[in-house]
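Chemist: Quick one, structure for this:
(one chain, ligands or ions: 2)
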Amino acid sequence: MAHLVAPSLLSANFLNLEKDIMMLNQSEADWFHLDVMDGVFVPNISFGFPIIEKIRKATSKVLDVHLMIVDPERYLERFRKAGADMISIHMEACKHPVEALRTIRNFGAKAGIVINPATPVDVLSDIIGEVDMVLLMSVHPGFGGQSFIAETIGKVAELKHLILSRQLNVLIEIDGGITLQNALTVVDAGVDILVAGNTIFASSNPTETIHQLKFIH
Ligand code: DX5
Ligand code: ZN
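Modeler: Residues are numbered from 1 along each chain as shown. Ligands and ions are numbered 1, 2, ... in the order given. Okay, the predicted model is just below:
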């Protein structure tokens, strides 16, 4: 499949979110990547239900909700009700990930599992059959605009091998430090969805940058 682009709204203009949402609606962006941070799992606090509910009303594109919160199982139903299509939880933040992933699917959303840069792909071995997507963090979560951790490329290849060896239909998403310079390398390694925040929103022409991320060669 051709890869998808999921702009991270963490780098959008919160004083005029509607303008950025309309830009994304009219762009070739595939998904909206929404980063929810609780100030406990990561050293930052972002946004939650009220913002997601409003974004849901303003777009028909897929809402890809990345939960950087401890014990995410407490809030899965509310994120689904707020409009999430894909809900991804961190392996490191969850006591019973299999149960949580099944709950996400029972609520009718797609289920994603996320691992941090320091977490090996091996930990996914027993859980990979329960997910629609694996999100590999290519920066330490918490902030936009960080530099890509190059070792993540090896993890993409390892994960791709795991998925193919089990004949599963699981997407691979990468998040953090994606630029026009490294996007082709990660797609060639097997990534299906590129998240990009700073690269898109700090560029002079975000619509064109999205186009370039989609058609890198
Ligand atoms: C980091 C977030 C990312 C972040 C990506 O914790 O999960 O989605 O917004 O931003 P960039 O593309 O700027 O690294
Ligand atoms: Zn994210």
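
Chemist: Only alpha carbons, please: show stretch 39-47 as PDB.
Modeler: C-alpha atoms of stretch 39-47 as PDB (Å, rounded to 0.1, in the frame of the first residue of the first chain):
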ATOM      1  CA  GLY A  39       2.000  15.100  32.500                       C
ATOM      2  CA  VAL A  40       2.600  11.700  34.200                       C
ATOM      3  CA  PHE A  41       3.500   9.300  31.500                       C
ATOM      4  CA  VAL A  42       5.300  12.100  29.700                       C
ATOM      5  CA  PRO A  43       6.700  15.400  31.100                       C
ATOM      6  CA  ASN A  44       4.100  17.500  29.200                       C
ATOM      7  CA  ILE A  45       0.300  18.100  29.100                       C
ATOM      8  CA  SER A  46      -1.400  18.700  25.800                       C
ATOM      9  CA  PHE A  47      -5.200  18.400  25.300                       C
END
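
Chemist: Any idea how far the longest helix seen in the chain is from the middle of the chain?
Modeler: As assigned by DSSP state H, the longest helix anywhere in the chain is helix 152-165. Distance of helix 152-165 from its chain centroid, counting by Cα atoms, centre = their mean, to the nearest Å, is 17 Å.

Chemist: touching ligand 2 at all, the next helix or strand after it?
Modeler: Later in the chain than helix 152-165, the nearest helix or strand by DSSP states H and E is strand 171-175. Yes. Counting by Cβ under 5 Å from the ion, ligand 2 has neighbours in strand 171-175: residue 175. No exception for glycine: its C-beta is placed from N, CA and C like everyone else's.

Chemist: Return the list of helices and strands in contact with the longest helix of the chain.
Modeler: Secondary-structure packing of helix 152-165 (3 or more Cβ pairs under 8 Å, 6 or more residues apart in numbering; DSSP states H and E): strand 133-137, strand 171-175, helix 183-189.
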